[in-house]
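Structural data only, the sequence is not supplied:
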């Protein structure tokens, strides 16, 4: 991975930002922190290559607006959104708006590192992504009709119990189908599954 690529961390909570700095540093990934979206945008002209990790809910400009602004002023910087457990639906909305991934607090080191490493490669692997899209479509084509129904619920950010109620099945059945979907797609977490589905045009 090129050493000049940085993870630009935007979060109004210094403790969260420092946690991310330490997690990424332990994996050899350099990072820079910004206390607000406005702070990052004020430095965008001289923004080092890399990706942006932004909290969704912040005082002033939030992560969704920042995502929209970055598409215009820093389109080569992939954006990862960070959310609390109650903001999964908002994370799905962010993915649809162009974010490449999302992270749910509290962070697991493996999830943070995997998301950042993947996003740092996004700009340099456009050709590979074309192959990925074809592969993802093939994988999703192997899902059963019920699994596709449940996938739709997952992509909408719905809880297992909500999906179960909508289709008149047990929560356990939803959990089994969800596990099968993750196994078939090879996704290790919801963020990866969402990115695959978005690329595949689901």
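Yes, it's here. Here the structure is a predicted model, which means the values were calculated and not measured.

Just the element for the residue nearest to residue 171 when sequence neighbours are not counted, please.
Nearest non-adjacent residue to residue 171, counting by Cβ to Cβ, 6 or more residues apart in numbering: residue 164, 4.6 Å away. (Each C-beta comes from the backbone N, C-alpha and C, glycine too.) Element membership for residue 164 (DSSP states H and E) is helix 160-167.

that older thread, residue contacts, the residue nearest to residue 171?
The neighbourhood of residue 164, defined by Cβ atoms under 8 Å, 6 or more residues apart in numbering, consists of 170-171, 173-174.

Could I get the buried residue list for whichever helix or strand residue 119 is part of?
Assigned by DSSP H and E, residue 119 belongs to helix 109-122. Using 16 or more other Cβ atoms under 10 Å as the test for burial, helix 109-122 gives 111-122.

SS state for residue 187?
coil (DSSP: H, G, I helix; E, B strand; the rest coil).

ok, now which ones touch it?
181, 193, 196.

next one: residue 172
Counting by Cβ under 8 Å, 6+ apart, residue 172 touches no other residue.

and if you look at residue 56?
Shown in contact with residue 56 (Cβ under 8 Å, 6+ apart): 62-64, 81-83, 87, 90-91, 94.

Now distance to residue 100 too, for those residues, in TSV please.
Below are these laid out as TSV (distance: Cβ to Cβ, whole Å):
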residue	distance to residue 100
62	18
63	13
64	15
81	9
82	13
83	14
87	17
90	16
91	12
94	10
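
Pull out the buried residues from these.
62-64, 81-83, 87, 90-91, 94.

and of those, the nearest to residue 28?
Closest approach between the buried ones among the contacts of residue 56 and residue 28, by Cβ to Cβ: residue 82, at 20.9 Å.
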